[in-house]
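**Student:** Have a look; sequence and predicted model below, questions after that.
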Amino acid sequence: KQEVTQIPAALSVPEGENLVLNCSFTDSAIYNLQWFRQDPGKGLTSLLLIQSSQREQTSGRLNASLDKSSGRSTLYIAASQPGDSATYLCAPAGVISSGSARQLTFGSGTQLTVLP
Amino acid sequence: DAGVIQSPRHEVTEMGQEVTLRCKPISGHNSLFWYRQTMMRGLELLIYFNNNVPIDDSGMPEDRFSAKMPNASFSTLKIQPSEPRDSAVYFCASSFGVSEQFFGPGTRLTVL
């Protein structure tokens, strides 16, 4: 059974800092990995999807890396802003034998606060 | 596209009552997922459908939970009878095949 750990559980930084969120998973046989953000009382917003064959994926100030063999992914946020304050969730996708869908397993998230 | 639509957004009910949560996936998506989020257990997959067919319901906690997808644009998650420990936020998500999943805003369920 896939287990996902996210470190740190909470992080508070001043505006403008670059930061790294870490995700580790126990089963390296993943199809891809998705990073989400969740604002308080809201749903999940997909940030980045990184395929198992990729090493990195970038979107604006966000960069996700994946080392499948070691079971690790990182989310790098450049020049953080107060609007980045949210909980960030990592979710590797398991391989489904039918190939028709994939099952996400979520970490408990990193709660980020960016102070103005 | 309006994204994944869920209703109701909030539901408060009494123990023993039947609860039905509804989901409309993004048009064109052929996979639909139901998740539950609690403080204690985080986000857990309950069941997912592919082309309207349930593929894996091993995450459904008990027989009190059931889910249906009668057509490509509608799914329900039913709890009967509901219990206080079912209180959680229930999310529906959809995707096209193995592409990224998009989540709805969730239904916050409170069972008194």
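**Tutor:** On my side now, so go ahead.
**Student:** Let's check: the centremost residue of chain B is which one?
**Tutor:** Closest to where the C-alpha atoms of chain B average out (C-alpha atoms, centre = their mean) is residue B:34, at 3.5 Å.
**Student:** So it is in contact with residue B:46, correct?
**Tutor:** Yes: judged on C-beta atoms under 8 Å, residue B:34 makes contact with residue B:46 at a distance of 4.4 Å. For the C-beta atoms, the positions are set from N, CA and C on the backbone; glycine is no exception.
**Student:** Quick check: neighbours shared by these two?
**Tutor:** Taking C-beta atoms under 8 Å, 6 or more residues apart in numbering or on different chains as the criterion, residue B:34 and residue B:46 both touch B:67, B:77.
**Student:** so the residue nearest to the centre of chain B bridges to which residues?
**Tutor:** On the basis of DSSP bridges, residue B:34 is bridged to residue B:47, residue B:92.
**Student:** Now do the same contact list for it.
**Tutor:** The contact partners of residue B:34, taken as C-beta under 8 Å, 6+ apart, are B:23, B:45, B:46, B:47, B:48, B:67, B:75, B:77, B:90, B:91, B:92.
**Student:** Which of the three states applies to residue B:85?
**Tutor:** The three-state label given to residue B:85 by DSSP: H, G, I helix; E, B strand; the rest coil is helix.
**Student:** From the contact counts, what lies against the helix or strand containing residue A:33?
**Tutor:** Element membership of residue A:33, judged by DSSP states H and E, is strand A:30-38. Using 3 or more C-beta pairs under 8 Å, 6 or more residues apart in numbering or on different chains; DSSP states H and E as the contact definition, the elements that strand A:30-38 packs against are strand A:19-25, strand A:44-51, strand A:62-67, strand A:72-77, strand A:86-94.
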